[in-house]
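My questions concern the predicted model and sequence given below.
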Amino acid sequence: MTETEHTIASFQPSPLTIPPHPEWPPLSTAEEQELKRKIAELLQKQNGVLVAHYYTDGRIQDLAEQTGGCVADSLEMARFGTMHPASTLVVAGVRFMGETAKILNNEKRVIMPDPAATCSLDENCPADAFSAFCDDYPDHTVVVYANTSAAVKARSDWVVTSGIALPIIRHLAADGKKIIWAPDRHLGSYIQQETGADMVLWPGSCIVHEEFRAVALQRFRRLHPEAAVLVHPESPAAVIEQADVVGSTTALIKAVVSLPHPSFIVATDKRIFNKMKQLAPTKILLEAPTEGEGATCVSCARCPWMGMNSLSNLYEVLRYGGREIEVDADLAARARIPIQRMLDFAKQLRTR
């Protein structure tokens, strides 16, 4: 058994209670437009800006852009929040995104449509167990994915997103650093393979991306030989191996726009199709299959926690208040260091 295999086997994530996919009351076109109008009005009154992830409902994504906000991956969401002059940040996503916004903008009010919206990666990387894990490797640099709690970030040396993980790990490996990676083992294994870095891996996984099945994807590719396969690196290795493009949400969107293929098989949360269709309306988008041996279909390519964001509860939090994200000041100060290190590194990349 290798050191990495032993590390993966040393912690067993607890079973998660997966919320059912919310069934929001259907809205007529007139009701939807009126709700959007009210939200836009409240954002303006409260000096607020809406920041939404690509995995949220398409109507929320559209509203964010229509009101001068942002639709992006978690790195750009964090960067946008720090640069925008709004005093209220409305984060449509999952809780770690709201926490990150608060960590970087302690002076701002940060609210979420539903702060109970969590993430399987965050939930299965408890701070106390992770800290003990890090103590076993005192000579390692601790790198954690953005999908973690403020307490886990505070224990780290670097925070990364999928869009910037590879260049940061290459940078650390070039300096001879040995690395602790958490929490997604599939993304960690992919990065380790691509960079050759000396890494030990925490055994977490994303319930959405872990549902994609390699054998089913092989069959699906035979049915659509003209399609390029786009895979998020949180997916299992056997799925990643079949990809034409492996990358972050932003990278996959760019691939749909730039590649000449008429169609794409996409292995990530299907709500990303909203932005893909907006930028490449003539392209055919196909969901990568989640059926087959071992599949539980707890996700069916939809994050149940991202689904907890709706126009209705977005309006409610702006209309009635509450649902504010708070992070202890000392904890925030410690967590801000590795996040800012990532943002500074990203800024250097853009200027090269």
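Received the coordinates, thanks.

Contacts only, for the nearest residue to A227 once chain neighbours are set aside.
What sits nearest to A227 in space, not counting adjacent residues and going by C-beta to C-beta, 6 or more residues apart in numbering, is S263, at 4.2 Å. In short, each C-beta sits where N, CA and C put it, glycine included. Going by C-beta atoms under 8 Å, 6 or more residues apart in numbering, S263 touches H224, E226, A227, A228, K283, I284, L285, L286.

Repeat the analysis, applying 6 Å as the threshold.
If a contact means C-beta atoms under 6 Å, 6 or more residues apart in numbering, then S263 has E226, A227, I284 as its contacts.

Show me just the buried residues among the residues you listed.
Neighbour-count burial (16 or more other C-beta atoms under 10 Å) is assigned, among the contacts of S263, to A227.

Give me the subset of the contacts of S263 lying in strands.
Under the assignment DSSP state E, the contacts of S263 contribute A227, I284 to strands.

and which of the contacts of S263 is nearest to G176?
Within those, the smallest distance to G176 is 41.4 Å, found for A227 (C-beta to C-beta).

hang on, V94 packs against C303?
No - at 7.6 Å, V94 and C303 do not qualify as touching, with contact defined as C-beta atoms under 6 Å.

higher neighbour count, the two?
A direct count of neighbours by other C-beta atoms under 10 Å for V94 and C303 places V94 higher, at 28 against 25.

In contact with the more buried one, which residues?
V94 makes contact with A117, T118, C119, W305 under the criterion C-beta under 6 Å, 6+ apart.

Recalculate using a threshold of 7 Å.
Residues in contact with V94, defined by C-beta atoms under 7 Å, 6 or more residues apart in numbering, are A117, T118, C119, W305, M306.

Could you list everything V51 pairs with in the sheet?
V51 forms beta bridges with C70, V91, as assigned by DSSP bridges.

quick one: it and C70 touch, right?
Yes - the criterion here is C-beta atoms under 7 Å, and V51 meets it with C70 at 4.9 Å.

Identify the contacts common to the two.
Among the neighbours of V51, those also in contact with C70 (C-beta under 7 Å, 6+ apart) are A64, M77, F80.

Max pairwise distance over the contacts of V94: which two?
Going by C-beta to C-beta, the two entries of the contacts of V94 that are most distant from one another are T118 and M306, at 10.3 Å.

quick one, phi/psi of the residue nearest to A227?
Main-chain dihedrals, S263, degrees, to the nearest 10: phi -140, psi 160.

hey, what's it bridged with?
Beta-bridge partners, per DSSP bridges, of S263: A227, I284.

Contacts only, for the residue most central in space within the chain.
The residue at the geometric middle of the chain, judged as the C-alpha nearest the mean C-alpha position with C-alpha atoms, centre = their mean, is S74 (5.7 Å). Residues in contact with S74 (C-beta under 7 Å, 6+ apart) are H53, M97, A146, T161.

Out of those residues, which is nearest to S235?
Distance from S235 was checked for each of those by C-beta to C-beta. The minimum falls on T161, at 16.1 Å.

Spatially nearest residue to the closest one (excluding sequence neighbours)?
Spatial nearest neighbour of T161, excluding adjacent residues (C-beta to C-beta, 6+ apart): L75 at 4.1 Å.

Also W305?
Computed as C-beta to C-beta, 6+ apart, the closest residue to W305 that is not its neighbour in sequence is A117, at 4.2 Å.

I figured the one you found was touching C303, is that so?
No - A117 sits out of contact with C303 when judged by C-beta under 7 Å, with a separation of 8.9 Å.

any chance you could map the helices in the stretch 101-250 of the chain?
According to DSSP state H, counting those that start in this stretch, the stretch 101-250 of the chain carries its helices in the segments 120-123, 127-135, 150-154, 165-174, 185-195, 214-223, 237-240, 249-258.

ok, residues contacting the fourth one?
By C-beta under 7 Å, 6+ apart, the surrounding residues in contact with helix 165-174 are 141, 143, 158, 160, 179, 187, 191, 194-197, 342, 345, 349.

relative to helix 185-195, how tilted is it?
Angular relation of helix 165-174 and helix 185-195 on a 0 to 180 degree scale: 60 degrees, by axes from the mean of the first three to the mean of the last three C-alpha atoms, to 10 degrees.

Same question for helix 165-174: list its buried residues.
Using 16+ other C-beta under 10 Å as the burial criterion, the residues of helix 165-174 that qualify are A165, L166, I168, I169, H171, L172, A173.

do the same with stretch 247-267
Taking 16+ other C-beta under 10 Å as the basis for neighbour counts, the residues of stretch 247-267 that come out buried are 247-253, 255-256, 261, 264-267.

What is the neighbour count of D198?
A count of nearby residues for D198, using other C-beta under 10 Å, gives 15.

what are the ranges of the strands in this structure?
According to DSSP E, the strands that the chain contains are 48-53, 70-72, 88-92, 109-111, 141-145, 158-160, 178-182, 198-201, 227-231, 245-246, 263-267, 284-287.
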